[in-house]
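Chemist: need coordinates for the following:
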Amino acid sequence: MTERQRQLSGERIIFLLRWGVLACVLLAVLLDPAHRPASSELLLFLVAVTIYNLAIALMIYLRLYFRALPLLTLFADIVAVLALIHLPSGAGSYFFVFAVFPILVAALRFSWLAGLLTASVFVLDAVFQTAIAWEAGSHTALLSELGWFVVLYLLAAVVAGVVSERVPRAPVSGWQMRDVTSVVPEHLKLIYDLASSLSATLNYERVLEAILDISRLGFDELGLRIGESVGLVLLYNKDGLLAPASHRNLVTRQDETRCIRGSSGIVADSLASASALIGGAPADDPELQKFDSLQPCRSVICVPLRAGFETYGAVLFATVKSQAYVPEHVELLTLFCNQATIALQNASLYQSLREERDKIVGKEEEARHKLARELHDGPTQDVAAIAMRLNFARLLVERDPERARAELERLEDLAHRTVKEIRSMLFALRPVILETEGLVAALNQYAENILENDDLPVQVETVNFEANLDLETQGVVFAILEEAINNARKHAQALSILVRLRGEGDLLVAEVIDDGRGFDVEAVETGYGSRGSLGMLNLKERAVLIGGTVNVESVQGQGTRVTLLVPVPEEAD
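Modeler: As a prediction, the model looks like this:
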């Protein structure tokens with residue numbers, strides 16, 4: 001049961017007891033031995049208390065509970081009983097016993113001290129009434145009646161206090177000193193829900209906004225309200241500077257674009273110590289003084305956004321109040337920022353995955369276009385030529401059988417070359433031999449295909465090479481080497497190509513060396529983004545997938561060397 005539910009349950013019990021007290025008042029009037037009629041004041045009192053109790057019932061039904069309600073209802077009950085005792089109805093002596101009700105409520109609902117203080121109010125009232133009646137009445141009777149009152153009130157307070165010490169109670173705001181470590185905030189569930197959604201979201205911008213929203217709400221719920229404060233989430237940009245990625249209450253647009261290095265002041269100290277820090281006026285800070293919105297502020301708190309050895313930035317709050325931030329703010333903001341850092345990691349990973357997905361989709365699309373171009377420029381054209389020349393051969397069969405026979409022989413050669421070219425393309429797409437016999441066998445088969453189709457010798461050498469790579473890595477290595485060989489075959493006008501595989505420690509070194517015309521590597525890489533083909537960029541991106549690197553060396557007129565470095569596991573999978 002939550003604190004709010006417990007308080008409402010307590011109010012329901014007191015509400016029912018209050019109806020019992022009213023019933024007892026009516027019974028006391030009806031059983032009056034003197035048969036005195038109820039005065040108009042008593043009737044008005046009963047109506048007022050009935051309306052008051054009905055109002056409490058409506059609040060309980062609508063769950064309109066607030067923290068000061070128990071204290072306010074206790075005060076109203078004390079006033080009501082005092083009014084009842086002092087009613088000029090002639091039956092006041094029967095009503096003194098009803099003072100026990102607020103005494104019991106104070107002790108059980110709050111503490112034994114509250115019950116004793118409430119009892120003292122009624123004791124003082126009894127003393128006051130005795131002093132007023134002293135001159136006109138019997139001193140012995142008055143003292144005896146006062147003694148009974150004092151004993152009854154104090155005894156009720158003591159008994160209720162003993163019982164209250166044995167019953168666990170949640171502290172009630174407004175009566176006891178507020179303890180931020182023991183009081184459950186009203187909107188704790190809201191903070192929890194916001195924090196949970198922060199961890200679940202994969203939207204980078206939403207995470208940044210939630211950091212500020214949840215932190216501000218948490219500050220207010222601590223009961224340490226700091227008014228309108230400036231909030232900043234500073235993240236590292238591509239230049240290594242801390243720039244505002246999200247903000248609250250900035251007064252100038254220039255502040256939204258200001259950057260700091262995080263090399264001095266409270267931000268630098270917080271990042272260096274990896275802990276939250278409380279500081280004074282930002283105007284005295286060597287870096288924060290650049291922000292116009294922080295100039296009126298007199299207190300600042302800074303928390304780093306850090307996970308492991310990776311630092312994303314920092315979160316800042318500043319307010320115009322001096323010494324506004326306390327250790328409770330540090331603990332709360334650190335809690336939220338730690339959770340926010342996890343959310344930032346999730347969002348960053350998700351964004352990276354989306355970018356990789358888009359890149360893979362783009363590469364697949366580009367590969368399809370490449371395949372379509374190769375089919376169009378090669379086998380498609382050959383098949384179209386075969387169809388046209390078959391039609392020509394059909395006409396020659398009737399007119400010139402000898403020429404028809406020669407034409408059919410040429411068509412047969414063309415068909416064989418087309419089949420070989422298609423097989424070579426299929427082999428490059430998926431070399432089945434790679435799965436059965438390994439990387440070296442696949443490269444040798446590919447070299448034979450090139451020699452047969454293009455009459456271009458490709459030599460495959462292995463030096464201290466052991467094929468202990470997993471199948472997926474071998475597939476990527478083959479794709480990289482095939483792309484490098486294909487580039488040399490198509491663009492370098494090479495007379496020969498050498499493929500060398502060697503092991504160097506825990507690395508596989510694969511080289512593709514040709515004796516072609518070479519090219520200016522820097523010029524090609526500089527203008528590569530606008531050319532829209534695979535080439536060297538594709539080689540390097542594929543190498544990254546298996547933790548490797550690709551280096552391209554070329555000199556115009558002196559050939560090209562493509563070097564691939566791939567880490568090799570200690571044990572084969």
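Chemist: so who does Leu501 touch?
Modeler: The neighbours of Leu501, taking C-beta atoms under 8 Å, 6 or more residues apart in numbering as the test, are Leu439, Val440, Leu443, Val460, Glu461, Thr462, Val463, Phe465, Leu508, Val509, Ala510. For glycine as for every other residue, the C-beta is placed from the backbone atoms N, C-alpha and C.
Chemist: element containing the fifth one?
Modeler: Right, Glu461. Assignment of secondary structure by DSSP states H and E places Glu461 within strand 458-463.
Chemist: identify the residues contacting that strand?
Modeler: Around strand 458-463, the neighbours that count as contacts under C-beta under 8 Å, 6+ apart are 440, 443-444, 446-447, 450-451, 485, 496-503.
Chemist: switch to 6 Å and redo it
Modeler: Around strand 458-463, the neighbours that count as contacts under C-beta atoms under 6 Å, 6 or more residues apart in numbering are Val440, Leu443, Asn444, Ala447, Ile450, Ile497, Leu498, Val499, Arg500, Leu501, Arg502.
Chemist: which pair in the residues you listed spans the largest distance?
Modeler: Greatest spatial distance among the contacts of strand 458-463 (C-beta to C-beta): Ile450 and Arg502, at 21.7 Å.
Chemist: more crowded one of the two?
Modeler: Ile450 (17 against 14; other C-beta atoms under 10 Å).
Chemist: okay, angle between whichever strand or helix holds the more buried one and strand 458-463 too, please.
Modeler: Ile450 is located in helix 439-454, with elements delineated by DSSP H and E. When axes from the mean of the first three to the mean of the last three C-alpha atoms, to 10 degrees is applied, the directions of helix 439-454 and strand 458-463 differ by 160 degrees.
Chemist: show the buried residues in the contacts of strand 458-463.
Modeler: Neighbour-count burial within these applies to Val440, Leu443, Asn444, Ala447, Ile450, Ile497, Leu498, Val499, Arg500, Leu501; the criterion is 16 or more other C-beta atoms under 10 Å.
Chemist: beta partners for the nearest residue to the third one once chain neighbours are set aside?
Modeler: In this structure, Asn444 finds its nearest non-sequential neighbour in Val460, 5.4 Å apart by C-beta to C-beta, 6 or more residues apart in numbering. Here Val460 shows beta-bridge partners Val499, assigned using DSSP bridges.
Chemist: per-residue pLDDT, Val460?
Modeler: If you check Val460, the pLDDT there is 92.
Chemist: that one and Leu212, how far apart?
Modeler: The spacing between Val460 and Leu212, counted by C-beta to C-beta, to the nearest Å, is 61 Å.
Chemist: for the residue nearest to Asn444, give its distance to Arg542.
Modeler: Spatial separation of Val460 from Arg542 under the definition C-beta to C-beta is 20 Å.
Chemist: repeat for Val320
Modeler: When C-beta to C-beta is the yardstick, Val320 and Arg542 sit 57 Å from each other.
Chemist: what does Ala76 give?
Modeler: The gap separating Ala76 from Arg542 is 79 Å, by C-beta to C-beta.
Chemist: before we move on, the earlier item: out of Val320 and Arg542, which sits in the busier spot?
Modeler: Counted by other C-beta under 10 Å, Val320 and Arg542 do not tie: Arg542 has more neighbours, with 19 against 15.
Chemist: my guess is the more buried one meets Ile480, correct?
Modeler: Yes: under the criterion of C-beta atoms under 6 Å, Arg542 lies in contact with Ile480, with a separation of 5.3 Å.
Chemist: circling back to that earlier point, and the helix holding Ile450, what does it pack onto?
Modeler: With contacts defined as 3 or more C-beta pairs under 6 Å, 6 or more residues apart in numbering; DSSP states H and E, the secondary structure elements packing on helix 439-454 are helix 401-429, helix 432-437, strand 458-463.
Chemist: what's the burial count for the closest residue to Asp506 other than its chain neighbours?
Modeler: By the measure of C-beta to C-beta, 6+ apart, the closest residue to Asp506 outside its immediate chain neighbours is Val568, 5.4 Å from it. Applying the criterion other C-beta under 10 Å, we find 16 residues in the vicinity of Val568.
Chemist: where does Ala243 land on pLDDT?
Modeler: Per-residue confidence at Ala243 stands at 90 (pLDDT).
Chemist: let me fix that: Gly527
Modeler: Among the per-residue scores, Gly527 holds a pLDDT of 59.
Chemist: ok so, going back, just give me the closest of the buried ones among the contacts of strand 458-463 to Phe98.
Modeler: Of all these, the one with the least separation from Phe98 (C-beta to C-beta) is Leu501, at 101.2 Å.
Chemist: gap between that closest one and Ala543?
Modeler: For Leu501, the distance to Ala543 equals 15 Å [C-beta to C-beta].
Chemist: list the buried ones in stretch 447-457?
Modeler: Of the residues in stretch 447-457, Ala447, Asn449, Ile450, Leu456 count as buried by neighbour count, 16+ other C-beta under 10 Å.
Chemist: find the nearest non-adjacent residue to the first one, please.
Modeler: I take that to be Ala447. If the residues on either side of it in the chain are set aside, Ala447 comes closest to Val458, at 3.7 Å by C-beta to C-beta, 6+ apart.
Chemist: helix or strand with the lowest mean pLDDT in the protein?
Modeler: Least confident helix or strand of the chain, by mean pLDDT, DSSP states H and E, is helix 188-200 with a mean of 55.
Chemist: any idea how far the longest helix along the chain is from the middle of the chain?
Modeler: If each helix of the chain is counted by residues according to DSSP state H, the longest one is helix 327-375. On the basis of C-alpha atoms, centre = their mean, to the nearest Å, helix 327-375 is displaced by 14 Å from the centre of the chain it belongs to.
Chemist: which elements pack onto it?
Modeler: Counting contacts by 3+ C-beta pairs under 6 Å, 6+ apart, helix 327-375 is packed against helix 188-200, helix 204-221, strand 299-307.
Chemist: same thing but at 8 Å, please
Modeler: Here helix 327-375 is seen to pack against helix 188-200, helix 204-221, strand 299-307, strand 310-319, helix 401-429, helix 535-545 when contacts are counted using 3 or more C-beta pairs under 8 Å, 6 or more residues apart in numbering; DSSP states H and E.
Chemist: after that helix, which helix or strand is next?
Modeler: According to DSSP H and E, the helix or strand after helix 327-375 is helix 381-399.
Chemist: so which residues make contact with that following helix?
Modeler: Residues outside helix 381-399 that contact it (C-beta under 8 Å, 6+ apart) are Arg403, Ala404, Glu407, Leu408, Arg410, Leu411, Leu414, Ala415, Arg417, Thr418, Glu421.
Chemist: go with 10 Å
Modeler: Surrounding helix 381-399, the residues in contact under the criterion C-beta atoms under 10 Å, 6 or more residues apart in numbering are 375, 402-412, 414-415, 417-419, 421-422.
Chemist: buried ones among the residues you listed?
Modeler: The neighbour-count criterion (16+ other C-beta under 10 Å) marks Ala404, Glu407, Leu411, Thr418, Glu421 among the contacts of helix 381-399 as buried.
Chemist: which residues of the stretch 451-573 of the chain score low on pLDDT?
Modeler: Low-confidence segments of the stretch 451-573 of the chain, defined by pLDDT under 70, are located at 467, 526-535, 570-573.
Chemist: quick one, strands of it?
Modeler: Listed in chain order, the strands found in the stretch 451-573 of the chain under DSSP state E, counting those that start in this stretch are 458-463, 497-504, 507-514, 549-554, 560-567.
Chemist: right, and those strands - which one's nearest Val315?
Modeler: Proximity to Val315, assessed across those by C-beta to C-beta, is greatest for strand 549-554 (37.1 Å).
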